[in-house]
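J.: no letters, just coordinates:
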């Protein structure tokens, strides 16, 4: 890894600076966002960050705006008018990053459930090992989840197995939200045709990358449940995932799934 990753920057094999962007959607993450940004910007490799805030009542966006001057040309903020869903926030961030010529674009939660120290590992899998999608996987090497009740572990693990069975993807953590995409993946997938906004969004992105024959790898990570702020999980998100998978598979069978 050290032959290509240099202090305060990331260099591709051709010697040019690789541009990596971490997209972080936020809604009421005032308790987490400053510490998370500090952790990311303290990494030896350079990762830029785009926060996509959905008009958080707790003024998360105001805190990010205060920090922009501390991290010029590395921290960016996009504010939306209301709570529009996780999937649309990521799509907004993906398009923003593609327009600015980023080579690798990441999905990451704002609540420290995803360890910032794993960002270089995901980037290494894509940039150095040649994969197109690197998934921070909770289930690749067993169940690596901390602070979740057993009921939620079983729900998440069961959902991933269900998705594997329905779609045929050889991915253990199909609902993972910690992902690195090579820009070519996001250029190939029609982002305007992404249908889902919750957990099913994560499944849909992986499924369309899989159907497009991109090389996907799971990088084992330890997932730690949030200790500050409130979870965004809801019954509607779970239902969307369950029925969304069946919908995508049926459309694929009849060649009506837009990729």
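T.: That came in fine, so what should we check first? Keep in mind it's a predicted model, so treat the numbers as computed, not measured.
J.: return the residues in contact with the residue lying closest to residue 183 once chain neighbours are set aside.
T.: In space, and not counting its chain neighbours, residue 183 is closest to residue 103: 5.6 Å by CB to CB, 6 or more residues apart in numbering. Heads up, the C-betas are built off the backbone N, CA and C, glycines and all. The contact partners of residue 103, by CB atoms under 8 Å, 6 or more residues apart in numbering, come to 12, 18-20, 127, 182-183.
J.: just the buried ones from those?
T.: Buried residues within these, counting neighbours by 16 or more other CB atoms under 10 Å: 18-20, 127, 182-183.
J.: if we only consider the residues you listed, which is nearest to residue 192?
T.: For the buried ones among the contacts of residue 103, the minimum distance to residue 192 (CB to CB) is 16.8 Å, reached by residue 183.
J.: mind checking pLDDT for the closest one?
T.: At residue 183, the model reports a pLDDT of 98.
J.: now do stretch 118-138: distance from first to last residue.
T.: Stretch 118-138 has an end-to-end distance of 12 Å (CA to CA, to the nearest Å).
J.: typo on my end, stretch 60-75
T.: With CA to CA applied, stretch 60-75 spans 14 Å between its terminal residues.
J.: pull out the buried positions in it.
T.: 60-61, 63-64, 67, 75.
J.: can you tell me what sits against it?
T.: Stretch 60-75 is contacted from outside by 26-30, 33-34, 37, 41, 46, 48-49, 51, 53, 55, 76-77, 79, using CB under 8 Å, 6+ apart.
J.: can you select the buried ones among the residues you listed for me in PyMOL?
T.: This is how PyMOL selects the buried members of those, with burial counted by 16+ other CB under 10 Å:
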select buried, resi 26+27+28+29+30+33+34+37+41+46+48+49+51+53+76+77+79
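J.: ok, residue 122 - how many residues close by?
T.: As a burial measure, residue 122 scores 27 neighbours (other CB atoms under 10 Å).
J.: for residue 18, give its distance to residue 215.
T.: Distance, residue 18 to residue 215, by CB to CB, to the nearest Å: 18 Å.
J.: so which residues of the stretch 1-150 of the chain form helices?
T.: For the stretch 1-150 of the chain, applying DSSP state H, counting those that start in this stretch gives helices covering 33-41, 60-68, 86-99, 119-127, 150-167.
J.: for residue 191, which of the ones you listed is the nearest?
T.: Here helix 86-99 is closest among the helices of the stretch 1-150 of the chain (CB to CB), at 5.1 Å.
J.: mind giving me the packing neighbours of that closest one?
T.: strand 20-26, strand 48-53, strand 75-79, strand 104-107, helix 183-188, helix 199-211 (3 or more CB pairs under 8 Å, 6 or more residues apart in numbering; DSSP states H and E).
J.: got the ones you listed as a markdown table, with distance to residue 120 columns?
T.: Listed next are those as a markdown table, based on distance: least, CB to CB, whole Å:
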| stretch | distance to residue 120 |
| --- | --- |
| strand 20-26 | 9 |
| strand 48-53 | 14 |
| strand 75-79 | 18 |
| strand 104-107 | 11 |
| helix 183-188 | 18 |
| helix 199-211 | 21 |
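J.: least confident of these, on average?
T.: helix 199-211 (a mean of 94).
J.: mind listing what the helix or strand that it is followed by pairs with, with the direction of each?
T.: Next helix or strand after helix 199-211 toward the C-terminus (DSSP states H and E): strand 216-220. Under the criterion DSSP bridges, strand 216-220 sits next to strand 133-137 (parallel) in its sheet.
J.: who touches the partner strand?
T.: Strand 133-137 has contacts (CB under 8 Å, 6+ apart) with 114, 118, 122-123, 125-126, 171-173, 176, 178-182, 185, 206, 209, 214-221, 223.
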